[in-house]
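A.B. asks: Just to be clear, the model below is a prediction. Sequence and coordinates:
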Amino acid sequence: MAQAIRFHEIGGPDVLRWEEATVGDPGPGEVRIRHEAIGLNFADVYWRTGLYPAQRPSGLGVEASGVVEAVGEGVTHVAGGDRVTYTGSPLGAYSTERVMPADTLLKLPDEISCETAAAMTMRGLTASYLLRRIYPLKAGDTVLLHAAAGGVGLIFCQWAKLLGGTVIGTVSSEEKGEIARANGCDHIVYYRRENVAERVREITGGAGVPVVYDSVGKDTVAGSMASLARRGLLVCFGTASGVPPLDAMQLALHGSLFVTRPALADYIADPAERDALAGELFGHVAAGRIKIQINQRYALKDAAQAHRDLEDGKTTGSSVFTV
């Protein structure tokens with residue numbers, strides 16, 4: 001019998017339940033997949049707490065990898081036995097197996113394990129659109145990245161170095177600072193004891209940075225705006241500390257700033273663009289130019305503890321559930 005993590009009401013980690021699940025045969029355009037590894041992402045917390053609305057009871061999770069066991073009518077780009085990965089809706093990745101739409105699946109190269117794929121698909125594609133679409137990083141650019149020791153952060157730092165960029169990264173501790181530095185972060189700012197904007201101005205000779213990548217939200221947005229150069233870009237791609245209140249006048253007072261709140265789904269909705277972003281990511285990982293740090297592993301039935309660790313800031317790099 002298949003098993004899955006589900007939630008029947010919104011709330012803290014304790015609302016997550018380990019339940020038996022019925023998995024049928026795939027219909028047209030669908031596949032049945034047996035998961036080998038599942039990604040843990042902060043977006044999962046947003047669904048559980050109700051920040052992102054879901055009809056309940058609901059499964060959870062949007063990223064996993066495994067083996068295709070059966071395909072429905074009309075599915076041609078994957079076949080039974082293929083190793084695949086995915087990120088995106090519908091919810092339900094926290095499961096041992098499931099039936100799901102086939103059009104979200106990406107075939108894995110032989111060099112990338114399912115565990116590595118589950119740790120990198122969402123984070124890697126996020127780093128990809130941040131660096132290659134929203135603000136195409138150029139050699140010589142200096143940027144500010146919050147949560148530099150997180151799953152997206154470690155991939156971002158390595159990729160930015162490949163592009164010739166310089167990364168100023170914020171972290172909460174010496175341990176996280178060492179991890180970020182080892183993965184290509186050039187300058188470390190300890191946001192709990194240092195003034196982020198002052199340090200950024202010091203590092204950049206007063207100029208500020210052209211772009212800030214902020215996945216934290218409410219607690220960091222003021223420092224992010226104060227770190228930007230005139231007509232700089234604030235990229236709010238996450239809200240770990242809550243949704244930031246944005247006063248349009250503050251954008252003007254800080255130098256006619258631009259702001260965007262992107263979602264990965266809008267950068268992988270087009271199959272050709274998704275395949276291009278994934279192809280570049282997979283190529284770097286397969287060749288060893290970008291290394292994926294899996295620093296936490298949990299049994300799927302221990303999802304509640306994994307969520308506690310994630311929300312308490314106890315994790316670094318990527319985290320996966322094993323099946």
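C.D. replies: Structure received. Numbering: from 1, shown residues only.

A.B. asks: What are the structural domain limits within this structure?
C.D. replies: 2-120+273-322, 139-261 (automatic domain parsing).

A.B. asks: Among those, which comes closest to residue 126?
C.D. replies: domain 139-261 (5.2 Å; CB to CB). The C-beta positions use only the backbone N, C-alpha and C, and glycine is treated the same way.

A.B. asks: Straight-line length of that closest one, end to end?
C.D. replies: One end of domain 139-261 sits 25 Å from the other (CA to CA, to the nearest Å).

A.B. asks: how far is that domain from where the chain is centred?
C.D. replies: Distance of domain 139-261 from the chain centroid (CA atoms, centre = their mean, to the nearest Å) equals 16 Å.

A.B. asks: Kindly report the same for stretch 48-59.
C.D. replies: Using CA atoms, centre = their mean, the offset of stretch 48-59 from its chain centre is 19 Å.

A.B. asks: Any buried residues in it, and which?
C.D. replies: 48-49, 54, 58-59 (16 or more other CB atoms under 10 Å).

A.B. asks: Mark which of these are part of helices, please.
C.D. replies: 48-49 (DSSP state H).

A.B. asks: CSV please, covering the buried residues of stretch 48-59 and showing distance to residue 132 and pLDDT.
C.D. replies: Formatted as CSV, the buried residues of stretch 48-59 follow (distance: CB to CB, whole Å; pLDDT from 0 to 100):
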residue, distance to residue 132, pLDDT
48, 30, 97
49, 31, 95
54, 30, 92
58, 32, 96
59, 31, 96
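
A.B. asks: Now flag whichever of the buried residues of stretch 48-59 is closest to residue 24.
C.D. replies: Looking across those and measuring by CB to CB, the closest to residue 24 is residue 59, at 14.8 Å.

A.B. asks: Run through the strands of the stretch 151-300 of the chain in chain order.
C.D. replies: 166-171, 187-190, 209-214, 228-236, 258-260, 294-299 (DSSP state E, counting those that start in this stretch).

A.B. asks: rewinding a little: pipe the domains of the chain into CSV and attach distance to residue 129 per row.
C.D. replies: Below are the domains of the chain laid out as CSV (distance: least, CB to CB, whole Å):
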stretch, distance to residue 129
domain 2-120+273-322, 6
domain 139-261, 9
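
A.B. asks: between those domains, which one is nearest to residue 128?
C.D. replies: So among those, domain 2-120+273-322 is nearest, using CB to CB, at 4.3 Å.

A.B. asks: what about that closest one, how long is it end to end?
C.D. replies: 14 Å.

A.B. asks: Next: stretch 12-31.
C.D. replies: End to end - CA to CA - stretch 12-31 spans 32 Å.

A.B. asks: Tell me which residues of that stretch come out buried.
C.D. replies: For stretch 12-31, by 16+ other CB under 10 Å, it's 13, 15-16, 21, 23, 26, 30-31.

A.B. asks: Strands of the stretch 1-150 of the chain, residue ranges please.
C.D. replies: With DSSP E, counting those that start in this stretch as the criterion, the stretch 1-150 of the chain has strands spanning 2-7, 16-21, 30-40, 58-59, 63-71, 83-87, 97-101, 106-107, 142-145.

A.B. asks: Just want the angle from the first one to strand 97-101.
C.D. replies: To tie it back to what came earlier, the one meant is strand 2-7. Interaxial angle of strand 2-7 relative to strand 97-101 (axes from the mean of the first three to the mean of the last three CA atoms, to 10 degrees): 70 degrees.

A.B. asks: cool, the longest one as well?
C.D. replies: Note on geometry: by the same axes, to 10 degrees, strand 30-40 and strand 97-101 are set 110 degrees apart in direction.

A.B. asks: From the chain's centroid, how far away is strand 30-40?
C.D. replies: 17 Å.

A.B. asks: elements contacting it?
C.D. replies: Judged by 3 or more CB pairs under 8 Å, 6 or more residues apart in numbering; DSSP states H and E, strand 30-40 is in contact with strand 63-71, strand 97-101, helix 114-129, helix 303-311, strand 318-322.
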